[in-house]
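> Whatever this is, show me its structure:
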Amino acid sequence: MAVSVDDIKKLKELTGVGLTDAKLALVEADGDFDKALEAMRKKGLTKAEKKADREALAGIIDSYVHGGRIGVLVEVNCETDFVARTDGFKEFAHMVALQVASMAPVYVSQDDIPADELERVRNEALASDTLKSKPADIAEKIVDGQVKKHFADKVLLNQNYIMDDSKTVEQYLKENVAKTGENIVIRRFNRIELGVND
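Numbers count the residues shown, from 1 in each chain. Predicted coordinates:
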């Protein structure tokens, strides 16, 4: 089946793969652009997960100030200065800063939540009167769900991405790992809001 050159270029641009891979994906999807894009994203995300254990010490610090009332600094790392200087990487870091300004996360990832804070929230959920009549295994699942829900908006990587709520910030991160071919890490952020003390 013949596929359009424009679709090949567009798919290459969106996924960061080579022209041959983009064409092959479109042929395999019978010219269906959305189907090809989904297939390439899955492949890209798999590659991104393999890169996650590579060291990322280069990168940039980006800032965003919203109306003089909210200020954000973020550190986003990659493996090389070459990638750190690209427009795509700079845009990614800036979008992370916008996300932090808008959604006010507390932690970068689930791993950053202090154990005592997790325990406190868990104990509060366990103390609920509605759980007392439930069997232990069901109560445990309910508590797990409540703890996950409590921290859902507090963890940056778990938040829905503000520019496309069909994906999380973590999925947006993995897409950029696939595009750059390097491991990318959102190392830390600092958010200051006028008149609000932490």
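> what helices or strands is the strand or helix carrying residue 26 leaning on?
Using DSSP states H and E, residue 26 falls within helix 19-28. Where contact means 3 or more CB pairs under 8 Å, 6 or more residues apart in numbering; DSSP states H and E, helix 19-28 is packed against helix 5-15, helix 33-51. For glycine as for every other residue, the C-beta is placed from the backbone atoms N, C-alpha and C.
> Pick out the shakiest of those, pLDDT-wise.
Ranked by mean pLDDT, the helices and strands packed on helix 19-28 end with helix 33-51 at the bottom, a mean of 67.
> and after that one, which helix or strand comes next?
Downstream of helix 33-51, the first helix or strand assigned by DSSP H and E is strand 58-66.
> What is that following strand packed up against?
strand 70-78, helix 81-84, helix 87-103.
> What mean pLDDT does that strand get?
95.
> gap between residue 148 and residue 20?
As judged by CB to CB, to the nearest Å, residue 148 and residue 20 stand 41 Å apart.
> More neighbours: which of these two?
residue 148 (13 against 10; other CB atoms under 10 Å).
> What values do phi and psi take at the more buried one?
Backbone torsions for residue 148, taken as degrees, to the nearest 10, come to phi -60, psi -40.
> same thing with the one 5 residues further on?
Main-chain torsions, residue 153, degrees, to the nearest 10: phi -90, psi -10.
> ok, it - contacts?
103, 105, 159 (CB atoms under 8 Å, 6 or more residues apart in numbering).
> with these in mind, which one is nearest to residue 194?
The closest of these to residue 194 turns out to be residue 103 (CB to CB; 17.3 Å).
> distance of the closest residue to residue 96 other than its chain neighbours from residue 136?
Among residues not flanking residue 96 along the chain, residue 74 sits closest, at 5.1 Å (CB to CB, 6 or more residues apart in numbering). Shown here: residue 74 relative to residue 136, a distance of 42 Å by CB to CB.
> neighbour-wise, which of those two wins?
Each of residue 74 and residue 136 had its neighbours counted (other CB under 10 Å), and the higher figure belongs to residue 74 (27 against 8).
> in the chain, which helix or strand is least confident?
Sorting the helices and strands of the chain by mean pLDDT, DSSP states H and E puts helix 33-51 at the bottom, at a mean of 67.
> Check this protein and tell me which residue is nearest its centre.
residue 170 (1.9 Å; CA atoms, centre = their mean).
> Map the structural domains onto the sequence of this structure.
Listed domain ranges for the chain are 5-51, 58-108+154-193, 114-152 (source: automatic domain parsing).
> just those: most buried one?
Counting by mean count of other CB atoms under 10 Å, domain 58-108+154-193 has the highest mean neighbour count of these, with a mean of 18.
> Start and end of that one, how far apart?
By CA to CA, to the nearest Å, the extent of domain 58-108+154-193 from end to end equals 28 Å.
> so how far is it off the chain centroid?
8 Å (CA atoms, centre = their mean, to the nearest Å).
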